[in-house]
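Give me the fold of what follows.
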Amino acid sequence: MATVRYHLTNYKNLNFLEVWQHIFLDLSTFKEIYPETPKLISILINCPLTNAQEVSSEFKLRNLIKVAIEN
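Below you'll find the model as predicted:
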């Protein structure tokens, strides 16, 4: 039986969701030992993440429009 540390250090072949799925399935007592962790992981999974590059390009576009309007 693998440990949580093993799964988290060897996740390179899996994505984030698969790693936590393996942890929850392989370690049946994990939820009892760390009851808050599944809640935090659920929040991380369901929280929308934004790509910083997209936000940056959006601000550049707004600045271009603003400059064009001012001129």
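
center of this protein - which residue?
The chain has residue 44 as the residue nearest its centroid, 5.4 Å off, counting by C-alpha atoms, centre = their mean.

all helices for the protein, in order.
Assigned helices in the chain, in chain order: 4-9, 16-26, 30-33, 36-46, 52-70 (criterion: DSSP state H).

Save the ones you listed as a markdown table, and put in mean pLDDT too.
Output for the helices of the chain, formatted as a markdown table (pLDDT from 0 to 100):
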| stretch | mean pLDDT |
| --- | --- |
| helix 4-9 | 74 |
| helix 16-26 | 78 |
| helix 30-33 | 81 |
| helix 36-46 | 79 |
| helix 52-70 | 79 |
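
taking those helices together, which one is wrapped up most tightly?
Mean neighbours per residue, mean count of other C-beta atoms under 10 Å, is largest over the helices of the chain for helix 16-26, with a mean of 15. Every C-beta, even on glycine, is put in place using the N, C-alpha and C of the backbone.

tilt between that one and helix 36-46?
150 degrees (axes from the mean of the first three to the mean of the last three C-alpha atoms, to 10 degrees).

Using PDB, write out the CA atom coordinates for helix 16-26.
This file holds the C-alpha atoms of helix 16-26, laid out as PDB (Å, rounded to 0.1, in the frame of the first residue of the first chain):
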ATOM      1  CA  PHE A  16      -3.900  16.400 -10.200                       C
ATOM      2  CA  LEU A  17      -7.300  14.700 -10.100                       C
ATOM      3  CA  GLU A  18      -6.000  11.200 -10.700                       C
ATOM      4  CA  VAL A  19      -3.400  11.600  -7.900                       C
ATOM      5  CA  TRP A  20      -6.100  12.500  -5.400                       C
ATOM      6  CA  GLN A  21      -8.400   9.800  -6.700                       C
ATOM      7  CA  HIS A  22      -5.600   7.200  -6.100                       C
ATOM      8  CA  ILE A  23      -5.000   8.600  -2.600                       C
ATOM      9  CA  PHE A  24      -8.700   8.300  -1.600                       C
ATOM     10  CA  LEU A  25      -9.000   4.800  -3.100                       C
ATOM     11  CA  ASP A  26      -5.700   3.300  -2.000                       C
END
